[in-house]
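Using only what follows, build the 3D model:
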Amino acid sequence: MKRTLAAGLALVVAVGLAGCSGSSTGSNASGKDEVTVKVGVVGDNNEPWETAADSLKEKENIDVELVKFSDYVQPNQALSDGSVDLNSFQTEIYLDTYNNEHGTDLTSIGYTLMAPLGVYSHRVSSVGDLADGATVTIPNDVSNGGRALKLLEKAGLITVNPDAGLTPSTDDITANPKNLQITQLDAAQTARSLDDSDAAVVNSGIAVDAGLTPSTDAISIEETGEDSKPYYNVIAARASDVDNETYRTVVRYYQSDEVARTIADSTRGSQIAVWDGAPSASPGATASQTKAARGGAPNATTPNATMQ
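I've put the predicted structure just below:
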């Protein structure tokens with residue numbers, strides 16, 4: 001009996017000591033143990049994520065480590081192999097295309113922003129000024145390349161087969177009255193090609209990294225509306241992690257008014273926050289434009305379960 005009682009008391013003491021150790025080791029003013037979440041991003045301008053990371057560290061003791069990549073392929077490879085926990089760089093349609101091509105099960109767990117694709121040029125100030133035979137560079141991946149062709153079509157430069165949907169290729173061009181010479185490059189190289197080409201279709205984030213302001217420097221730019229939803233940028237996770245509470249917390253802190261303001265300030269109003277309830281990130285946007293741009297984006301706690 002005495003031996004049993006002594007053993008029980010020893011167990012209680014051990015549990016108590018373990019509890020004290022766990023509450024103090026790696027904790028901050030929030031009293032929560034530190035957790036590190038690695039987020040894959042592309043490029044050097046990540047002010048929105050830095051804003052979210054500061055709040056997460058202070059209030060939740062979650063240390064967001066930004067892992068920077070230089071192209072659009074590596075972040076999904078890193079997410080698939082576990083080198084990062086989340087990534088945030090791609091549109092919903094890019095993610096879906098990647099999954100279809102690679103047999104992966106990465107999934108969106110929240111929307112971030114809309115980053116309009118733009119046509120840029122160091123040689124002309126209007127798409128109408130492009131000469132016959134002008135050289136135009138576009139991204140070489142399926143989703144961004146198709147998106148670029150749709151933008152060139154909207155600018156009146158080419159026509160593509162409507163049967164190709166949102167991802168036409170150069171083979172789907174049915175009319176090219178100016179005989180544009182369209183060259184495909186890695187998306188990260190398109191801005192650099194401006195010195196050697198007449199025009200380039202560049203992703204917004206890459207344009208900002210190159211010192212361009214999409215809202216003023218683009219000679220043609222995507223409009224935001226109900227049909228823009230496939231081009232919303234997302235936070236992606238492995239399918240097995242869609243219910244991870246820490247990752248949901250990261251999304252919730254990203255989808256804040258403070259981050260929305262940072263998006264507007266850091267991109268000079270060129271990008272817009274698109275999660276449900278986000279304030280307008282574009283100073284010139286009307287309430288109706290902002291509502292249309294969001295088009296019913298899911299909130300932070302609702303992962304996108306539909307893989308197209």
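
per-residue confidence at the nearest residue to T104 once chain neighbours are set aside?
The spatially closest residue to T104, leaving aside those adjacent along the chain, is S80, at 5.3 Å (CB to CB, 6 or more residues apart in numbering). No exception for glycine: its C-beta is placed from N, CA and C like everyone else's. Note for S80: predicted pLDDT of 98.

In three-state terms, label S80 for me.
Using DSSP: H, G, I helix; E, B strand; the rest coil, the structure places S80 in helix.

A115 versus that one, what's the distance?
Summarising the geometry, the distance separating S80 from A115, computed by CB to CB, to the nearest Å, is 23 Å.

of those two, who's got more company?
When S80 and A115 are compared for neighbours, A115 comes out ahead with 25 against 18, by other CB atoms under 10 Å.

wait, what's in contact with L79?
When contacts are counted by CB atoms under 8 Å, 6 or more residues apart in numbering, L79 touches G40, D85, L86, N87, L106, A236, A237, R238.

Strands - which of these land there?
In strands, defined here by DSSP state E, the members of the contacts of L79 are G40, L86, N87, L106, A236, A237, R238.

show me what contacts the second one?
Translated: L86. If you count contacts by CB under 8 Å, 6+ apart, L86 has them with V37, K38, V39, G40, L79, I109, I235, A236, A237, Y247, V250.

and what of the first one?
Shown in contact with G40 (CB under 8 Å, 6+ apart): V67, F69, Q74, P75, A78, L79, S83, V84, L86, N87, S88, F89.

quick one: which of those is nearest to S256?
Comparing the contacts of G40 against S256 with CB to CB picks out S88 as the nearest, at 14.5 Å.

So what pairs up with the closest one in the strands?
With DSSP bridges applied, S88 shows beta-bridge pairing to I235.

Would you confirm that it contacts A237?
No - applying CB atoms under 8 Å as the test, S88 and A237 come out as separate, 10.2 Å apart.

rewinding a little: just the buried residues of the contacts of G40.
The neighbour-count test (16 or more other CB atoms under 10 Å) applied to these identifies V67, F69, Q74, P75, A78, L79, V84, L86, N87, S88, F89 as buried.

Export the residues you listed to a markdown table and append columns for distance to S121.
Supplementary listing: the buried ones among the contacts of G40 in a markdown table, determined by distance: CB to CB, whole Å:
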| residue | distance to S121 |
| --- | --- |
| V67 | 33 |
| F69 | 27 |
| Q74 | 29 |
| P75 | 29 |
| A78 | 34 |
| L79 | 35 |
| V84 | 35 |
| L86 | 35 |
| N87 | 31 |
| S88 | 29 |
| F89 | 25 |
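
Tell me where the model's unsure across the protein.
Scanning the chain for pLDDT under 70 picks out the ranges 1-30, 280-308.

Let me see the domain layout of it.
Following the assignment in automatic domain parsing, the chain carries domains at 35-115+227-294, 118-222.

Strands of this structure, residue ranges please.
Counting by DSSP E, one finds strands in the chain at the ranges 35-42, 62-69, 86-91, 106-114, 118-120, 135-139, 159-160, 173-175, 181-185, 199-202, 220-221, 232-238, 272-273.

Mind listing what's buried along the first one?
In other words, strand 35-42. Using 16+ other CB under 10 Å as the test for burial, strand 35-42 gives V35, V37, K38, V39, G40, V41, V42.

Restricting to C-alpha, output it in PDB.
As requested, C-alpha coordinates have been extracted for strand 35-42 and formatted as PDB (Å, rounded to 0.1, in the frame of the first residue of the first chain):
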ATOM      1  CA  VAL A  35       5.900  26.800 -33.400                       C
ATOM      2  CA  THR A  36       7.700  27.400 -36.700                       C
ATOM      3  CA  VAL A  37       5.800  27.400 -40.000                       C
ATOM      4  CA  LYS A  38       7.800  27.500 -43.200                       C
ATOM      5  CA  VAL A  39       6.100  29.300 -46.100                       C
ATOM      6  CA  GLY A  40       7.400  29.100 -49.600                       C
ATOM      7  CA  VAL A  41       7.200  32.400 -51.600                       C
ATOM      8  CA  VAL A  42       8.600  33.800 -54.800                       C
END
